[in-house]
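Novice: whatever this is, show me its structure:
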Amino acid sequence: MRQCPDCKIILDDDVRHCPKCGRGLGANTPSTGHDISTLLTSANLHRIRSEWDKAIADATEALRLDPKNPDITSLIAGVYEERGMLDEALVWYQMALELKPDSDADKARMDAISAKIAAKRKAAGTDSFRVFEKRTKLWAAVLGSVFVIVVVLAMFSLFPHHKQAHPVRPIHPSSAHSSVNVYAMKSGSSEQAAPHLGMSDSGKSTSTASESGGSLRIPAEVYIRSEIANAQDVSETGASVDDVVVDPRIADVIVTFSVPIKGNITKDQILRAAVAISRKTFQINPEVKFVTARCVITTGGPKGVQIAFIGDIARVTLESLPANTTDQQAATYFTRVFWNPQIR
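Specialist: Numbering: from 1, shown residues only. This next block holds a predicted model:
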């Protein structure tokens, strides 16, 4: 930039004649660079043209000549503000106020820029938080779904089969006059029919019940007990069948058995006998849906006979297992299990 010596107007370096007074300007008559007013005028001209770097260069040169001039720092601050460099503009407005603390215009501009910077940073922080919140919700949903699946699988593995709260079909006939005896027991190649389990027409108990071991048992229960006791698989476990009770309401047979005490009785020993007894019970009568295995032990001490184990198993569970399933594996499918704490 150069200045006309007569008119004192600022012109570009490549202008050869002053448009106002017509004076010719040589190629080597640029501004001396030491006139602060000329530099500020040139800086403002570049500012109007959005020539930010040139405007800052002229203003910085003027500040070098007059470092205490608040108008120069205010001009530089304005250039940075219009350029969109708010942080730099804020610094220069602060410098202008240090040189001229009573400048209301610079203070107002500094406050406005401070508010813009704060709003910009808050918006950026809010956007970041929203992105983080969305990602957090997404991961929470994924982890929640995985947790639900794990819980369902865990419950299914722990309780693979449940005894039905209501029997699907009762074992006993629906009427005392029914001609179908669902407790017909097979003996050899012919069927041996057991009496009905209900009451006779006269309201008196049927006379086919027999007494065994001090307990009144019907022939069906006596028959099941005899068949289980004579089964080879049961005998191999060393178990003795002590009692059999039939619950026709839910097609359940409760078998009480004991195992010989030889040293310490283990859970595996009891479970092996319980599985063998359950298999044999289901084999004897296809109408039986559940078996409740009940193991008792005689301690010989002051407590006498104690319950060692109780567990339920369903026919559908036992028959659905693969053929190569071991007794130990089958034993894990007993439900509502009770163990005497003394059994290890």
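Novice: can we go C-alpha only for contacts and neighbour counts from here?
Specialist: Will do.
Novice: mean confidence (pLDDT) on stretch 311-320, please.
Specialist: Stretch 311-320 carries an average pLDDT of 92.
Novice: now that stretch: buried residues?
Specialist: Applying a neighbour-count criterion of 16 or more other Cα atoms under 10 Å, one finds 311, 312, 313, 314, 315, 317, 318 buried in stretch 311-320.
Novice: how about the strands of the stretch 151-300 of the chain, start to end?
Specialist: Under the criterion DSSP state E, counting those that start in this stretch, the stretch 151-300 of the chain carries strands at the ranges 185-187, 190-192, 210-212, 215-217, 240-247, 252-258, 290-298.
Novice: what does the stretch 1-150 of the chain give?
Specialist: Secondary structure of the stretch 1-150 of the chain (DSSP E, counting those that start in this stretch): strands located at 2-3, 10-11.
Novice: domain map for the protein?
Specialist: Using automatic domain parsing, the domain ranges for the chain come out as 32-158, 185-196+209-339.
Novice: now for the ones you listed, which one comes closest to residue 19?
Specialist: Closest approach to residue 19 among the domains of the chain is made by domain 32-158 (16.6 Å; Cα to Cα).
Novice: if I look at the closest residue to residue 257 other than its chain neighbours, how far off is residue 309?
Specialist: Counting by Cα to Cα, 6 or more residues apart in numbering, residue 257 lies nearest to residue 241, which is 4.3 Å off, once chain neighbours are set aside. According to Cα to Cα, to the nearest Å, residue 241 and residue 309 sit 14 Å apart.
Novice: could you do residue 344 as well?
Specialist: Distance, residue 344 to residue 309, by Cα to Cα: 11 Å.
Novice: Validate this expectation: residue 306 resides in a strand.
Specialist: Yes - following the definition DSSP: H, G, I helix; E, B strand; the rest coil, residue 306 is counted among the residues of a strand.
Novice: just list whatever residues bridge to it.
Specialist: With DSSP bridges as the criterion, residue 306 is bridged to residue 297.
Novice: list the contacts of the residue nearest to residue 257.
Specialist: 225, 228, 229, 255, 256, 257, 258 (Cα atoms under 8 Å, 6 or more residues apart in numbering).
Novice: which parts of the stretch 51-200 of the chain are helices?
Specialist: 52-65, 70-83, 86-99, 104-158 (DSSP state H, counting those that start in this stretch).
Novice: so what pairs up with the nearest residue to residue 247 once chain neighbours are set aside in the strands?
Specialist: Excluding its sequence neighbours, the residue lying closest to residue 247 (Cα to Cα, 6+ apart) is residue 253, at 6.1 Å. The residues paired with residue 253 through beta bridges, assigned by DSSP bridges, are residue 246, residue 291.
Novice: how near is residue 253 to residue 290?
Specialist: 6 Å.
Novice: may I have the residues that are in contact with the residue nearest to residue 44 when sequence neighbours are not counted?
Specialist: Leaving out its chain neighbours, the residue that sits closest to residue 44 by Cα to Cα, 6+ apart is residue 55, at 6.6 Å. Applying Cα under 8 Å, 6+ apart, one finds that residue 55 lies in contact with 42, 43, 44, 45, 46, 47, 79.
Novice: the fifth one contacts residue 52, doesn't it?
Specialist: I take that to be residue 46. Yes - because the distance of 6.7 Å satisfies Cα atoms under 8 Å, residue 46 is recorded as touching residue 52.
Novice: which pLDDT value goes with the residue nearest to residue 47 when sequence neighbours are not counted?
Specialist: With sequence-adjacent residues excluded and distances taken as Cα to Cα, 6+ apart, residue 47 is closest to residue 55, at 5.5 Å. Note for residue 55: predicted pLDDT of 90.
Novice: next: the one 10 residues further on.
Specialist: pLDDT for residue 65: 88.
Novice: and it, how many neighbours?
Specialist: Residue 65 is flanked by 14 other residues according to other Cα atoms under 10 Å.
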